[in-house]
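> Provide a 3D model corresponding to the input given below.
(4 chains)
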Number of protein chains: 2
Amino acid sequence: MAPARRSVVDDSVTRTALLDATEALMLEEGYAAVTTRRLAQRAGVNNGLVYYYFGTMDGLYIALFRRGAERSLARLKEALQSPQPLWALWELTRDFSSNALTMEFIALANHRKAIRAEIGAYSRKFRMLQLEALSDVLAGYGLDPQRWPPASLLVLLSAVSRFLHIEDAFDVDIGHAELVAVIEREIRALEGERRPTEQDALAGSTG
Amino acid sequence: MAPARRSVVDDSVTRTALLDATEALMLEEGYAAVTTRRLAQRAGVNNGLVYYYFGTMDGLYIALFRRGAERSLARLKEALQSPQPLWALWELTRDFSSNALTMEFIALANHRKAIRAEIGAYSRKFRMLQLEALSDVLAGYGLDPQRWPPASLLVLLSAVSRFLHIEDAFDVDIGHAELVAVIEREIRALEGERRPTEQDALAGSTG
DNA sequence: GTCTATAGCTGGATAGAC
DNA sequence: GTCTATCCAGCTATAGAC
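All right, here's what the predicted structure looks like:
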């Protein structure tokens, strides 16, 4: 098992092609469409190479998840340094691109125990990063931490963006616009009108 | 296809046993564990009977989803007639039993287009029922419908309960208790302290 | 209605040549 | 590193006996 574990480099062209093919297949047809044969066809290589590079299918999934999680982590750190971190965080969590793949991984984790721990660990890391960065910011906005604990508001933002995305997939949108309006009104009350900065624009196109 | 479509009765012992086995397998091991062979083994019948009763695997899933959705619909209607409908709705959506199976169906719908429409239709039905029942109630509580549109609050409750359940599966609970406390405080402000009534107790054990 | 038997396919994974 | 070839398992679905 786990033959030829890649070094820290991880920059093989074939390896990257397999990860890209996995991501594309998961987004287009769901994780169930990801088979070694279809990957090989799409990446233009042989299916045996999946085992050479990743050992098992679980290894493949975890490698892909980490690649995406590390990218999101970088985007999160950028957002939290924005002059309007609440706005930046809200826009980041609402971003479709990272959400779609995450939903596939959540579904996958239902019966792939190996990646469940991986997702949990990164989720905790994300939450803690947000909490450390925003606790003081929210207090600075005059928010009573007893009445509105920072952690509760962060969970709320994540919950809403994730849920709206789920329902979108089912063509359900009753109340969505109203809820988004309420949330953005409350963010505006704390942080003022959204002012796109060069830094934000950069973070949006880079991350 | 779809041989021997059951009549309105749907009360065959074997058919029910197959549905029960499907539900149990989905909850215990995820929908991927639901194969005709494992179903047959669990229900103590032959795997060919799946096709006799449901035509295809999709037919089986849809039949199970509808059975659960109709039960939930009945529970929702009861909850909305409670003297404290907000409390009753919150507790209903937080209930684990219906949530766990729903999550599996959401995952399943990612690559089973047939049941996607089914879930969407029922979701819209649920949302509209809640909206019709609670719009006047919320106005009666003195809530400004311009500032806090009923639909936005209903989506919020659904989003939070669903999201907390998802994260629970990954052993992530940072901020959960805080958010629940905030929500229940706000419900309390509108509807007063939770008073379990006989009707609520009945709905809890029946539905 | 329920069974046995099996066709027909697809998948994960491995061995070994180059 | 990449390939061919293959083993073996598991699945959906159907045919047909009872």
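
> pull the helix or strand with minimum mean pLDDT from chain A.
helix A:198-206 (a mean of 60; mean pLDDT, DSSP states H and E).

> what's the neighbour count on the closest residue to DNA strand D within chain A?
Using Cβ to the nearest atom of the strand, A:Asn46 is the residue of chain A that sits closest to DNA strand D, at 3.0 Å. From N, CA and C alone the C-beta is placed, and that goes for glycine too. Close neighbours of A:Asn46, defined as other Cβ atoms under 10 Å in any protein chain shown, add up to 13.

> can you list the residues of chain A near DNA strand C?
A:Met1, A:Val34, A:Thr35, A:Thr36, A:Arg37, A:Arg38, A:Asn47, A:Gly48, A:Tyr51, A:Thr56, A:Met57 (Cβ under 7 Å from any atom of the strand).

> Report the spatially nearest residue to the fifth one, omitting neighbours in sequence.
Taking Cβ to Cβ, 6 or more residues apart in numbering or on different chains as the measure, A:Arg37 lies nearest to A:Asn47, with 5.1 Å between them; neighbours along the chain are not counted.

> got a list of what that neighbour touches?
By Cβ atoms under 8 Å, 6 or more residues apart in numbering or on different chains, A:Asn47 lies in contact with A:Thr36, A:Arg37, A:Leu39, A:Ala40.

> same thing with A:Thr93?
A:Asn99, A:Leu157, A:Ser158, A:Ser161, A:Arg162.

> got the buried residues for stretch A:23-40?
Neighbour-count burial for stretch A:23-40 flags A:Glu23, A:Leu25, A:Met26, A:Gly30, A:Tyr31, A:Ala32, A:Val34, A:Thr36, A:Leu39, A:Ala40 (criterion: 16 or more other Cβ atoms under 10 Å in any protein chain shown).

> Could you give the average pLDDT over it?
Across stretch A:23-40, pLDDT averages out at 92.

> what's in contact with that stretch?
A:18, A:21-22, A:42, A:46-51, A:57, A:60-61, A:64, A:68, A:100-101, A:104-105, A:107-108, B:110-111.

> Among the residues you listed, the buried ones, what's the PyMOL command?
This is the PyMOL syntax for the buried subset of the contacts of stretch A:23-40, where burial follows 16+ other Cβ under 10 Å:
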select buried, (chain A and resi 18+21+22+42+49+50+51+57+60+61+64+68+101+104+105+107+108) or (chain B and resi 110)
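
> rewinding a little: same list, the buried residues of stretch A:23-40, but as JSON lines with distance to DNA strand D please.
Formatted as JSON lines, the buried residues of stretch A:23-40 follow (distance: Cβ to the nearest atom of the strand, whole Å):
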{"residue": "A:Glu23", "distance to DNA strand D": "18"}
{"residue": "A:Leu25", "distance to DNA strand D": "17"}
{"residue": "A:Met26", "distance to DNA strand D": "21"}
{"residue": "A:Gly30", "distance to DNA strand D": "16"}
{"residue": "A:Tyr31", "distance to DNA strand D": "16"}
{"residue": "A:Ala32", "distance to DNA strand D": "12"}
{"residue": "A:Val34", "distance to DNA strand D": "16"}
{"residue": "A:Thr36", "distance to DNA strand D": "9"}
{"residue": "A:Leu39", "distance to DNA strand D": "11"}
{"residue": "A:Ala40", "distance to DNA strand D": "7"}
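
> just checking, what packs against the helix ranked longest in chain A?
Counting residues, the longest helix in chain A under DSSP state H turns out to be helix A:113-140. With contacts defined as 3 or more Cβ pairs under 8 Å, 6 or more residues apart in numbering or on different chains; DSSP states H and E, the packing partners of helix A:113-140 are helix A:57-80, helix A:85-94, helix A:96-109, helix A:150-169.

> okay but A:Leu60 is in contact with A:Ala21, surely?
No: between A:Leu60 and A:Ala21 there is no contact under Cβ atoms under 8 Å: 10.0 Å.

> before we move on, back to that, return the member of the residues of chain A next to DNA strand C nearest to A:Leu89.
Set against A:Leu89, the nearest of the residues of chain A next to DNA strand C by Cβ to Cβ is A:Val34 (30.9 Å).

> can you tell me how far the closest one sits from A:Glu132?
35 Å (Cβ to Cβ, to the nearest Å).

> before we move on, what about A:Arg112?
Distance from A:Arg112 to A:Glu132, by Cβ to Cβ: 30 Å.

> neighbour count winner among those two?
Remark: of A:Arg112 and A:Glu132, A:Arg112 carries more neighbours, 19 against 11, as counted by other Cβ under 10 Å.

> Without its sequence neighbours, what residue ends up closest to the residue most central in space within chain A?
What sits nearest the mean C-alpha location of chain A, by Cα atoms, centre = their mean, is A:Ser98, with 4.4 Å. Counting by Cβ to Cβ, 6+ apart, the nearest residue to A:Ser98 once its immediate chain neighbours are dropped is A:Ser72, at 5.3 Å.

> so the one you found touches A:Asp95, yeah?
No: judged on Cβ under 8 Å, A:Ser72 makes no contact with A:Asp95 at a distance of 9.3 Å.

> neighbour count winner among the two?
A:Ser72 (20 against 16).

> you'd agree A:Leu101 is up against A:Arg67?
No: proximity of A:Leu101 to A:Arg67 does not meet the contact threshold set by Cβ under 8 Å, at 10.3 Å.

> quick one on the thing from earlier: for the residue nearest to the centre of chain A, give its distance to B:Asp10.
43 Å.

> was I right about A:Leu190 contacting A:Leu86?
Yes: contact criterion Cβ under 8 Å: A:Leu190 and A:Leu86 qualify, at 6.3 Å.
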